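1. Make a model of this:
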Amino acid sequence: MLFLLFLLIVCALLCELVSVKSALSRVSYSCRPSQSVVEPGEEFQLLTTMQNGKWLPVSYLEVVQNLPHDICLNAYLGHFQSDPTVCRLYSSCFLGSRQKLTRRIKASLPQRGRRIISDATITGGDLLGFTRRFRNVPLFYEIVVLPARVEEPALSRALGGFLGDVSVQRFILEDPMLTIGAREYTGREPMKSISWKHSVRTGHLMVKELDHTVENTVTVLLNVEGGSHEELERCFSLTRMVLEALEKRGFSCSFLTNAATAGAIGQWNQVSDGLGSGHTRAILEGLGRATYDVRESFSSLVNRAVRGARDGQAHILITPAPLQRSDAFLAPLFQQSQGRLFIINAREDGMSSQEVSG
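-> As a prediction, the model looks like this:
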């Protein structure tokens, strides 16, 4: 009997010794969001996985997960602690031999911006609960919250009228890339429109007959210089409203901004012409990542737009500060767009817009 008791004690000590050395051996942990891009307040899930890859059970495993400070954990009954910089989510469990445990936690984020799910700390206890071992688990997952949608009926009507005018004028403007034939020179056409090939063939001057442009295109400019954080948030939301209106009406659009972005999204400060939900979604993700930092001055942004614009290209300008047609740095943009310029400003005392026409 004493020998059996001694044998049990020796086995327990051996198991304890093994468990101390291998408390976190072959124990893995991960936490990732179910979606990488969400709406403000939209519910998503945090998927946490704890796995024991060895035959010996883990009698106690504690996880402290770092989450964005403003995350809302919906209906979560466990323990979490928030401060101005981070939210810490605490959980613990027992993991049996080669057991995998997955949990789904409902969460949401209230405001626009880029959030990070970062490192976690896992703690493993020995078999008898005398000692603990710690390990840091490096994690990096992004969650981008898009700008909130805004409802501005008066602005929507004014924007709709401007886009309607642009749509009508596309049948008036000729596309220099689409030649459908030639006709006789009347003396009123510019010299650059003369088709020398047709003139030689017929023996008298002929001019190229051009087709009309077949695509509605608009350039959207977003300026973030000179605005408060509240005004810039309104600018981001107004830009979203404009982009979704363009998509709904079938307009192709390009996008330029002087806003800086957080994260690896590439050269988002200039997005070439595109059409469809995927194109709009890419710009909206950039708006979600945008910070309040300014990459370049407002005047430099306008000059960059002028250099890349075609004659008669319609422009929609969103800015936090009121502007006037008399502003000198706007003159080249007004001239390049041939007066087809729509300005939206977001002020603390309300939103306003103005259509600048020739």
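2. Excluding sequence neighbours, find me the nearest residue to residue 185.
-> residue 205 (3.7 Å; C-beta to C-beta, 6 or more residues apart in numbering). For every residue, glycine as well, the C-beta is placed using N, CA and C.
3. if I look at the one you found, how far off is residue 192?
-> 13 Å (C-beta to C-beta, to the nearest Å).
4. Low-confidence stretches in the chain?
-> Applying pLDDT under 70 to the chain flags residues 1-22, 77, 126-130, 167-183, 186-190, 208-215, 264-267, 324-326, 348-358.
5. was I right about residue 84 contacting residue 69?
-> Yes - here residue 84 reaches residue 69: they are 6.2 Å apart, a contact under C-beta atoms under 8 Å.
6. the more surrounded of these two?
-> Using other C-beta atoms under 10 Å, the more surrounded residue of residue 84 and residue 69 is residue 69, with 13 against 6.
7. quick one: contacts for that one?
-> Residue 69 is in contact with 82-87, counting by C-beta atoms under 8 Å, 6 or more residues apart in numbering.
8. same check, this time on residue 101
-> 49-51, 93, 95.
9. my hunch is that it is in a strand, does that hold up?
-> Yes - counting by DSSP: H, G, I helix; E, B strand; the rest coil, residue 101 is found in a strand.
10. Next one: it relative to residue 78, how far apart?
-> Residue 101 sits 14 Å away from residue 78 when distances are taken as C-beta to C-beta.
11. I'd like to know which of the contacts of residue 101 is nearest to residue 343.
-> The closest of those to residue 343 turns out to be residue 49 (C-beta to C-beta; 50.6 Å).
12. now the closest one: how far from residue 24?
-> 15 Å.
13. can you give me the helices in the stretch 151-300 of the chain?
-> 153-169, 196-202, 229-248, 277-289, 298-308 (DSSP state H, counting those that start in this stretch).
14. Give me the more crowded residue out of residue 49 and residue 24.
-> Higher neighbour count among residue 49 and residue 24: residue 24, with 20 against 13, using other C-beta under 10 Å.
15. tell me the secondary structure for the residue lying closest to the more buried one once chain neighbours are set aside?
-> Once flanking residues are discounted, residue 24 sits nearest to residue 124: 4.2 Å by C-beta to C-beta, 6+ apart. Under three-state DSSP, the three-state class of residue 124 is strand.
16. ok, residue 124 - contacts?
-> Residues counted as contacts of residue 124 (C-beta under 8 Å, 6+ apart) are 23-24, 27, 58, 60-61, 132-133, 135.
17. burial of residue 300, as a residue count?
-> 14.
18. which one of residue 205 and residue 192 has more residues nearby?
-> In terms of neighbours (other C-beta under 10 Å), residue 205 is the more surrounded of residue 205 and residue 192; the figures are 17 against 8.
19. Touching, that one and residue 199? I think so.
-> Yes - assessed by C-beta under 8 Å, residue 205 is found in contact with residue 199 at 5.1 Å.
20. overlap in contacts of those two?
-> Common contacts of residue 205 and residue 199 (C-beta under 8 Å, 6+ apart): residue 185.
21. which SS state does residue 111 fall under?
-> Using three-state DSSP, the structure places residue 111 in coil.
22. Residue 312 now?
-> Per three-state DSSP, residue 312 ends up coil.
23. Leaving out sequence neighbours, find the closest residue to it.
-> Spatial nearest neighbour of residue 312, chain neighbours left out: residue 338 (4.6 Å); criterion: C-beta to C-beta, 6+ apart.
24. Residue 249 too?
-> Spatial nearest neighbour of residue 249, chain neighbours left out: residue 163 (5.7 Å); criterion: C-beta to C-beta, 6+ apart.
25. and the one you found, how many neighbours?
-> If you count neighbours by other C-beta under 10 Å, residue 163 ends up with 21.
26. now the residue most central in space within the chain: how far from residue 69?
-> In the chain, the centroid-proximal residue (C-alpha atoms, centre = their mean) is residue 285; its distance is 1.4 Å. Distance, residue 285 to residue 69, using C-beta to C-beta: 22 Å.
27. Could you do residue 248 as well?
-> 36 Å.
28. still on that earlier bit, can you check which residues contact both of residue 101 and residue 78?
-> Taking C-beta under 8 Å, 6+ apart as the criterion, residue 101 and residue 78 do not both touch any residue.
29. For residue 23, grab the count of nearby residues.
-> Residue 23 has 24 neighbouring residues, counting by other C-beta under 10 Å.
30. ditto for residue 309
-> Residue 309 has 19 nearby residues by other C-beta under 10 Å.
31. Spit out the contact partners of the nearest residue to it once chain neighbours are set aside.
-> If the residues on either side of it in the chain are set aside, residue 309 comes closest to residue 336, at 5.0 Å by C-beta to C-beta, 6+ apart. Neighbour list for residue 336: 306, 309, 311, 313 [criterion: C-beta under 8 Å, 6+ apart].
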